[in-house]
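Q: Curious how this folds, go ahead:
(4 chains)
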Protein chains: 2
Amino acid sequence: MATLKELAKSLNVSISTVSKALNDAEDIGEETKRRVKELAETLDYKPNKFALGLKTKHSKSIGVILPDIQNPYFAEVLYGIEKAALEAGFDTLICVSNESYQQEVKSVRMLTENLVDGIIISIAKETLNLKDFQHLTNLKAKKIHLVQFDRVSPDLACDSVQIDDQESVKNATNQLIKSGKNKIALVSGLGSLNVAKNRIQGYKAALKENGISKNIKLLEVDGVDKTHVQFKNFIKQNTFDAVISIDNKSGIIFQNIMQHYFPERFKKVKIISFIHEKDALLTSPPLNFINQRGAEIGILSFNLLKQRITEKEKNKTIRKEKIIASINFQ
Amino acid sequence: MATLKELAKSLNVSISTVSKALNDAEDIGEETKRRVKELAETLDYKPNKFALGLKTKHSKSIGVILPDIQNPYFAEVLYGIEKAALEAGFDTLICVSNESYQQEVKSVRMLTENLVDGIIISIAKETLNLKDFQHLTNLKAKKIHLVQFDRVSPDLACDSVQIDDQESVKNATNQLIKSGKNKIALVSGLGSLNVAKNRIQGYKAALKENGISKNIKLLEVDGVDKTHVQFKNFIKQNTFDAVISIDNKSGIIFQNIMQHYFPERFKKVKIISFIHEKDALLTSPPLNFINQRGAEIGILSFNLLKQRITEKEKNKTIRKEKIIASINFQ
DNA sequence: GTGAAAGCGCTAACAT
DNA sequence: ATGTTAGCGCTTTCAC
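A: Next up, the predicted model:
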């Protein structure tokens, strides 16, 4: 790897001239700049990150903390973040909390040690339950900017990006109603997350608006791994002509169980689910889906963060972006 | 963040004494070591990574390059790697190539600039097709160790960890045969990957051993996103009493399509699939699965890498670990 | 318009 | 047993 020193020697100028030339400093002659940049290009000079970090105390990199990398939604958000970060010349350090508070604290610490300029986080379930956000509030003192997405805690004063959960589910429910359904069930594998509360509220709001509030049918579980029996019982004990699944798995399971055990009833039921288009195609017939627009959320999150990193004047106004999900009937 | 300088001042000793004490150098008095370490502990001293990297040219970190983070298998391997790395005190930098050669090259470059001590990679499809491994072979000159897993290229002289694909599929096929099946189909969404070739070979070997080689039924596609029609046609045109899916999606789709369009035939068909246990539970009935033991592969990969990083004598022998998958009938 | 020098936090060879 | 010093690659102030 070429260094400033080597460039300087080759060109018979001083190290500081080379440094300034590459940084387009005012006081360097145009001709010199040209020569320096040309040689840097041919020698494929890249500034040494460690020297830079040591000197400047920041690293032109950002950290991302995801609760669960196996969830395709988070993987898609990550994709958006990385894409935007790459274009802006930032490295991305990825951490996975696995929904654990301890792991999240460790991740924050690791990112801090790596002098990231900012962190994009979707908070772990455990942290949300504990309501202990000190590791995150501490970041302000270290001048590390923070952006939350998806699992947004109102207790945290920072920019955020999320789906408008309530509005999105209300939309979806209304569309089902318009298509003639009026006994709509809702299935959630999200436990007590705020996200779940908001989505359920949207569902209830739509039923209410349409005067069918007495038809509320809720199946709530925390995680869907061993819940086949609960699903089956729910189906047996309830009448419904449509189902909204508000997490990324229960819709698939619900459809499969109906198809398996209640094939006749299944034919008359419309299911819509918060899943990725790719997963919607795993089932047959394909599932209708609520598109969470993960990549867009990622890009938006990065852009908010970048604004904070680059802005000179501290702007106190907190930005809360809400995106409406798009509804896809297949 | 506390620095050596601050510790030194507090203790009225020199910076180098502190440094040596923390590194347990021979020539520092026990009492001094104790005092230094104690203060370091209370002040929560952590060596500055940038200073260290600048000085030592390595970073006590490793890089991981995955082709696709949305694949739960890779996510699980990642989990194993991170766990092992954390225990050994290494940071993990994660890159996703999205199956793209260009992106893989960029990732290698980024990791190199970050002075990782080693890289664990599962090679992108595109790279495998192009057979251009220069970005990887170059690593040797930079003294960055390399370990491959899963998508192992024989053209690359480095340690590797993988499932014994042939043996694993042979096992699974044999078990199906023992359970009375003799018209076994194989479905692949893996395109022309070596992994696919080996798995298909295992399937054929088992059929041959059992004298039913004339019953070979193959459905091969490259990616499963828009292939419902192909699946349906295959099912219509072939008779089979069991199916082996050798990727992480086709089994689910296959089962769902059969259940949807051919419910009677479906009842007599046994399906087994290369998927994660969690995904096996998405379907009803749950899918039988071939457990790829991702976490173990991750841990093993890291351990191989760590050996290379820490060993003094360059050991020329290349280690190729092969793990047999476990077969789970539900 | 260009260069010399200090210093970021650390290690290690070389004094003492 | 402890301290001094040089230097990793870079930026930046100050001098020329």
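Q: what stretches of the stretch 1-150 of chain A score poorly on pLDDT?
A: Applying pLDDT under 70 to the stretch 1-150 of chain A flags no residue at all.
Q: residue boundaries of the strands in it?
A: Remark: strands assigned in the stretch 1-150 of chain A by DSSP state E, counting those that start in this stretch are A:61-66, A:91-96, A:118-121, A:145-149.
Q: quick check, the second one touching chain B?
A: It refers to strand A:91-96. Yes. Counting by CB under 8 Å from any CB of the partner chain, chain B is contacted by strand A:91-96 at A:91, A:93-94, A:96. Heads up, the C-betas are built off the backbone N, CA and C, glycines and all.
Q: With stretch A:260-267 instead?
A: Yes. Legend: contact between stretch A:260-267 and chain B by CB under 8 Å from any CB is shown at A:260-261, A:263.
Q: ok, of those residues, which come out buried?
A: Neighbour counting with 16 or more other CB atoms under 10 Å in any protein chain shown marks A:260-261 as buried within the residues of stretch A:260-267 next to chain B.
Q: Restricting to the residues of stretch A:260-267 next to chain B, which residues neighbour DNA strand C?
A: For DNA strand C, no contacts are drawn from the residues of stretch A:260-267 next to chain B by CB under 7 Å from any atom of the strand.
Q: Now flag whichever of the residues of stretch A:260-267 next to chain B is closest to B:Val152.
A: Among the residues of stretch A:260-267 next to chain B, A:His260 lies closest to B:Val152 (CB to CB), at 38.1 Å.
Q: In CSV, list the C-alpha atoms belonging to whatever helix or strand that closest one lives in.
A: Secondary-structure assignment from DSSP states H and E places A:His260 in helix A:250-261. C-alpha atoms of helix A:250-261 as CSV (Å, rounded to 0.1, in the frame of the first residue of the first chain):
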residue,chain,number,x,y,z
SER,A,250,-47.5,-16.7,11.0
GLY,A,251,-49.2,-16.1,7.7
ILE,A,252,-47.2,-18.8,6.0
ILE,A,253,-47.9,-21.3,8.9
PHE,A,254,-51.6,-20.3,9.0
GLN,A,255,-52.1,-20.9,5.3
ASN,A,256,-50.2,-24.2,5.4
ILE,A,257,-52.2,-25.5,8.4
MET,A,258,-55.5,-24.5,6.9
GLN,A,259,-54.6,-26.2,3.6
HIS,A,260,-53.5,-29.3,5.4
TYR,A,261,-56.4,-29.7,7.9
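Q: Whichever residue of the stretch 151-300 of chain A sits closest to DNA strand C: what's it in contact with?
A: In the stretch 151-300 of chain A, no residue comes nearer to DNA strand C than A:Cys158, which is 26.4 Å away by CB to the nearest atom of the strand. Applying CB atoms under 8 Å, 6 or more residues apart in numbering or on different chains to A:Cys158 gives the contacts A:145-148, A:318.
Q: repeat that with 7 Å
A: Contacts for A:Cys158 (CB atoms under 7 Å, 6 or more residues apart in numbering or on different chains) come out as A:146-148, A:318.
Q: Can you verify A:Ile290 is assigned to a helix?
A: No. In this structure, A:Ile290 is strand, not part of a helix, as judged by DSSP: H, G, I helix; E, B strand; the rest coil.
Q: Kindly indicate which of the residues of strand A:91-96 next to chain B lies nearest chain B.
A: Closest approach between those and chain B, by CB to the nearest CB: A:Ile94, at 4.5 Å.
Q: thinking that closest one is in contact with A:Val64, fair?
A: Yes. Counting by CB atoms under 7 Å, A:Ile94 sits close enough to A:Val64 to count as a contact (5.2 Å).
Q: joint contacts of those two?
A: A:Leu78.
Q: which of these two has more neighbours?
A: Neighbours were counted for A:Ile94 and for A:Val64 using other CB atoms under 10 Å in any protein chain shown; A:Val64 has more, 30 against 24.
Q: Pull up the gap between the more buried one and chain B, please.
A: 10 Å (CB to the nearest CB, to the nearest Å).
Q: Spell out which parts of chain A neighbour chain B.
A: Residues of chain A found near chain B (CB under 7 Å from any CB of the partner chain) are A:46, A:49-51, A:53-54, A:69-70, A:72, A:75, A:78, A:91, A:93-94, A:110, A:113-115, A:225, A:228, A:249, A:252-253, A:256-257, A:259-260, A:263, A:278, A:281-285.
Q: which of the residues you listed count as buried?
A: Counted by 16+ other CB under 10 Å, the residues of chain A next to chain B give A:49-50, A:53-54, A:69-70, A:72, A:75, A:78, A:91, A:93-94, A:110, A:114-115, A:228, A:249, A:252-253, A:256-257, A:259-260, A:281-285 as buried.
Q: Most proximal residue of the stretch 201-330 of chain A with respect to DNA strand C?
A: A:Ile309 (20.7 Å).
Q: what do you get for the stretch 51-200 of chain A?
A: Closest to DNA strand C within the stretch 51-200 of chain A is A:Lys55: 3.8 Å, counting by CB to the nearest atom of the strand.
Q: per-domain residue ranges of chain A.
A: What automatic domain parsing lists as the domains of chain A is A:4-47, A:60-157+A:295-322, A:165-291.
Q: ok, back up a step: in three-state terms, label the residue of the stretch 201-330 of chain A closest to DNA strand C for me.
A: helix.
Q: for the spatially closest residue to it that is not a sequence neighbour, what are its contacts?
A: Leaving aside its sequence neighbours, A:Ile309 sits nearest to A:Asp117 (CB to CB, 6 or more residues apart in numbering or on different chains; 4.8 Å). A:Asp117 makes contact with A:58-62, A:145, A:309 under the criterion CB under 7 Å, 6+ apart.
Q: and these, which are buried?
A: A:59-62, A:145, A:309.
Q: show me what contacts A:Ser188?
A: Applying CB under 7 Å, 6+ apart, the residues contacting A:Ser188 are A:196, A:200, A:220, A:246-247, A:250.
Q: Now with 10 Å, please.
A: A:195-197, A:199-200, A:203, A:218-222, A:224, A:244-247, A:250, A:274 (CB atoms under 10 Å, 6 or more residues apart in numbering or on different chains).
Q: Can you list which of those residues are found in strands?
A: A:218-220, A:244-245 (DSSP state E).
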